[in-house]
Every structure is written in structure tokens, then in C-alpha cells.
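Student: Task: produce atomic coordinates for the following.
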Amino acid sequence: MSNEVEQKDKFELYLDEMLLKLQECQKQKGVQSCSECDSFLECKLRDEYIDAVYNSMSKGETGGFEF
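Tutor: Predicted coordinates for the structure are as follows:
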């Protein structure tokens, strides 16, 4: 077993950043989930977070995910 810490790529780093922003927004609005927010369907921050999730999983490639 290696003691090396796995290096995060740019997609994972961006996902971490977006998650913090999303959690801060939820905290400010007093909700536990985006689905509880009045802006749920029109939220640009949530859309950016979803894009970050998909890019993190696909590493920016189109045509499917590589796990």
C-alpha cells in the first residue's frame, strides 16, 4: 500500500471548488438541498456544478464516462 496522496486533476479541483460554492449557497439560503430552493430549475450555479460533476467523471472527453 502506498502512502502517496493521489494528485487531483483540474476537473476534480474544479469540482471541489464548485461543491464549496454550492454548499455555501445552500447555507446562505437555509436549505439542505438545491431541490428545496425556489431557484432550483433556473440556477446557474447548480448548472455549473452539474457540468463539473460530468467533466470530473469523463475528464472532459465526450461520448461517455470512464470509471
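
Student: Give me the buried positions along the longest helix anywhere in the chain.
Tutor: In the chain, taking DSSP state H as the definition, the longest helix is helix 10-29. By neighbour count on 16 or more other CB atoms under 10 Å, the buried set for helix 10-29 is 11-12, 14-15, 18, 22, 25-26. (Each C-beta comes from the backbone N, C-alpha and C, glycine too.)

Student: Skip the chain neighbours and tell me the closest residue to Glu17.
Tutor: Using CB to CB, 6 or more residues apart in numbering and skipping residues adjacent in sequence, the residue nearest Glu17 is Ala52, 7.9 Å away.

Student: so who does the one you found touch?
Tutor: 11, 14-15, 17-19 (CB atoms under 8 Å, 6 or more residues apart in numbering).

Student: Which one of those is nearest to Asp47?
Tutor: Using CB to CB, Met18 comes nearest to Asp47 of the contacts of Ala52, at 10.3 Å.

Student: related to what we said a few turns ago, quick one: what helix or strand has the residue nearest to Glu17 in it?
Tutor: In the assignment (DSSP states H and E), Ala52 maps to helix 44-58.

Student: okay, that helix in PDB with CA atoms only?
Tutor: Below are the C-alpha coordinates for helix 44-58, written out as PDB (Å, rounded to 0.1, in the frame of the first residue of the first chain):
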ATOM      1  CA  LYS A  44     -26.800  28.900 -12.900                       C
ATOM      2  CA  LEU A  45     -24.500  27.800 -10.000                       C
ATOM      3  CA  ARG A  46     -26.300  24.400  -9.900                       C
ATOM      4  CA  ASP A  47     -25.900  24.000 -13.700                       C
ATOM      5  CA  GLU A  48     -22.200  24.800 -13.400                       C
ATOM      6  CA  TYR A  49     -21.900  22.200 -10.600                       C
ATOM      7  CA  ILE A  50     -23.600  19.500 -12.700                       C
ATOM      8  CA  ASP A  51     -21.300  20.300 -15.600                       C
ATOM      9  CA  ALA A  52     -18.300  20.000 -13.200                       C
ATOM     10  CA  VAL A  53     -19.500  16.600 -12.000                       C
ATOM     11  CA  TYR A  54     -19.800  15.300 -15.500                       C
ATOM     12  CA  ASN A  55     -16.500  16.700 -16.600                       C
ATOM     13  CA  SER A  56     -14.800  15.200 -13.500                       C
ATOM     14  CA  MET A  57     -16.200  11.800 -14.400                       C
ATOM     15  CA  SER A  58     -15.400  12.000 -18.100                       C
END
